[in-house]
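Participant: All I have is the shape, not the residue letters:
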């Protein structure tokens, strides 16, 4: 996330906190605003495949600070309830008598849509948006048949944490006769940001491979965006 | 939306605007903060079935103010790229040489998830979230077979603008042997907020009918929430 993407309620919670527990993918300029205020900043350091702190350790950390009477803000890189495990932390705390409010946030799909002018759902892109991950619960990667079904019934699909299934997506599209489907890869949204797009068939024949973290968008929203990207100001 | 849900970037854009064109579903306390500043507030008044201004009229309004040299903020009730037609307004303006930035926002799904502690996607609810509308492009309501496919291939489905298809959803669930599927209806999110939930079979046998505006959530996220709702603090 970028600093300006946090909501007023989110910002207020950070201002009122005595402890902020934050994840990777947080714009440091946001945290910098609080460094001199005496707040304790703790990096929970979740990243794909190498959790600095396990979820149990994070839950316990939040609980211990709360029990000491600290006002704890738990800062996540997107929406807490979309692959953010906000529900787990909230349940753990409320189940132990700790008051806890979840503040919604801007999810990556909305951020990339805004940056590019790409519709997620509506009359330009079609009405069904699906959001999926490359890696499912338990660490299993999503399979080709699942990708194919998703693409079949949705107008637009966005895959979060998608680097590892880039070729699976292209294979699924080709195997179902959808070589012409529009595909967009966004590497490191909110960071260095690299955009790669094209038809599934073209991309399958290219040597390009996405670098993590990446989002992959497939279908109607990308189709509309590719058609209008020059008028939207993306000439490259 | 509620006033605290706007992002810092969104708030800054409102502060810097000389004209704000806003939709229905905007918390008036947000606009109240700008009333004395001399900014011109214009209600675009989109509501289901009775558009006070057509989309063409809104596009033209934005263009005319921009051509006069006004700094125009277009305020929407959720994320501009998720059923918000942000892409249409943006394309219209950029295509006519008007500079335009899209600022992402919190979509209704994230808001309701935060309010209830309900996971949208992740290891508690399953990894695939689909978002659909009751009414598709062209005003056609979504059909039972489409609802059935969506529910089959997604872990959790959220229907926006869903009042009119409440019975269609329940029929689709029953017809596909999913009487036990967890269903949650949220009326007037951010307003008076009424929550109704239960199993599809139970709801089908009840005389309850949702009042607009309503969101309907089906599947994994609701299942998890119903199981844990007491620990989450929802005892009713």
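Facilitator: Thanks, I have it. If you're wondering where the values come from, they're calculated on a predicted model, not measured in any experiment.
Participant: Quick one: list the elements packing against the one helix or strand residue A:174 maps to.
Facilitator: For residue A:174, the host element (DSSP states H and E) is helix A:166-175. On a contact count with 3 or more C-beta pairs under 8 Å, 6 or more residues apart in numbering or on different chains; DSSP states H and E, helix A:166-175 meets helix A:144-153, strand A:182-187, helix A:200-205, strand A:214-219. (Each C-beta comes from the backbone N, C-alpha and C, glycine too.)
Participant: How about residues contacting it?
Facilitator: Applying C-beta atoms under 8 Å, 6 or more residues apart in numbering or on different chains, the set of residues contacting helix A:166-175 from outside is A:141-145, A:147-148, A:151, A:159, A:162, A:179, A:181, A:183, A:185, A:200-201, A:203-204, A:209-210, A:214, A:216, A:218.
Participant: Also stretch A:53-64?
Facilitator: Here stretch A:53-64 has contacts from A:21, A:42, A:44-46, A:72, A:74, A:85, A:88-89, A:92-93, A:96, A:98, using C-beta under 8 Å, 6+ apart.
Participant: Out of those, which one has the weakest pLDDT?
Facilitator: Ranked by pLDDT, the contacts of stretch A:53-64 bottom out at residue A:46 (56).
Participant: tell me which residues in the least confident helix or strand in chain A by mean pLDDT are buried?
Facilitator: When each helix and strand of chain A is scored by mean pLDDT, DSSP states H and E, helix A:28-32 comes last, with a mean of 90. For helix A:28-32, burial by neighbour count (16 or more other C-beta atoms under 10 Å in any protein chain shown) applies to A:30, A:31.
Participant: after it comes which helix or strand?
Facilitator: Downstream of helix A:28-32, the next assigned helix or strand under DSSP H and E is strand A:40-43.
Participant: Report all helices and strands that that next one contacts.
Facilitator: strand A:19-22.
Participant: Show me what residue A:42 is bridged to.
Facilitator: residue A:21 (DSSP bridges).
Participant: so what's it up against?
Facilitator: Counting by C-beta under 8 Å, 6+ apart, residue A:42 has contacts A:19, A:20, A:21, A:22, A:61.
Participant: Of the helices and strands packed on helix A:166-175, flag the one that's most buried.
Facilitator: strand A:214-219 (a mean of 25; mean count of other C-beta atoms under 10 Å in any protein chain shown).
Participant: Can you work out which other helices and strands pack against the least confident helix or strand of chain A?
Facilitator: Applying 3+ C-beta pairs under 8 Å, 6+ apart, one finds that helix A:28-32 contacts no other helix or strand.
Participant: rerun that using 10 Å as the cut-off
Facilitator: helix A:8-16, strand A:19-22, strand A:40-43 (3 or more C-beta pairs under 10 Å, 6 or more residues apart in numbering or on different chains; DSSP states H and E).
Participant: got the contact list for that helix?
Facilitator: A:1-6, A:10-11, A:14, A:20, A:22, A:35, A:39, A:41, A:43, A:75, B:8 (C-beta atoms under 10 Å, 6 or more residues apart in numbering or on different chains).
Participant: Quick one: buried ones out of these?
Facilitator: Judged by 16+ other C-beta under 10 Å, buried ones among those: A:1-6, A:10-11, A:14, A:20, A:22, A:39, A:75, B:8.
Participant: can you redo the residues you listed as TSV with distance to residue A:230 and pLDDT?
Facilitator: Below are these laid out as TSV (distance: C-beta to C-beta, whole Å; pLDDT from 0 to 100):
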residue	distance to residue A:230	pLDDT
A:1	29	81
A:2	26	91
A:3	31	93
A:4	27	96
A:5	27	96
A:6	32	97
A:10	36	97
A:11	36	97
A:14	40	96
A:20	43	96
A:22	39	94
A:39	46	96
A:75	38	96
B:8	31	97
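Participant: In JSON lines, list these along with distance to residue A:167.
Facilitator: Formatted as JSON lines, the buried ones among the contacts of helix A:28-32 follow (distance: C-beta to C-beta, whole Å):
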{"residue": "A:1", "distance to residue A:167": "28"}
{"residue": "A:2", "distance to residue A:167": "30"}
{"residue": "A:3", "distance to residue A:167": "35"}
{"residue": "A:4", "distance to residue A:167": "35"}
{"residue": "A:5", "distance to residue A:167": "31"}
{"residue": "A:6", "distance to residue A:167": "35"}
{"residue": "A:10", "distance to residue A:167": "37"}
{"residue": "A:11", "distance to residue A:167": "40"}
{"residue": "A:14", "distance to residue A:167": "40"}
{"residue": "A:20", "distance to residue A:167": "39"}
{"residue": "A:22", "distance to residue A:167": "33"}
{"residue": "A:39", "distance to residue A:167": "44"}
{"residue": "A:75", "distance to residue A:167": "34"}
{"residue": "B:8", "distance to residue A:167": "38"}
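Participant: Which of those sits closest to residue A:131?
Facilitator: Of all these, residue A:131 sits closest to residue A:1, with 16.8 Å by C-beta to C-beta.
Participant: The longest helix belonging to chain A: what's the following helix or strand?
Facilitator: Looking across chain A with DSSP state H, the single longest helix is helix A:55-67. Per DSSP H and E, the first helix or strand lying C-terminal to helix A:55-67 is strand A:72-75.
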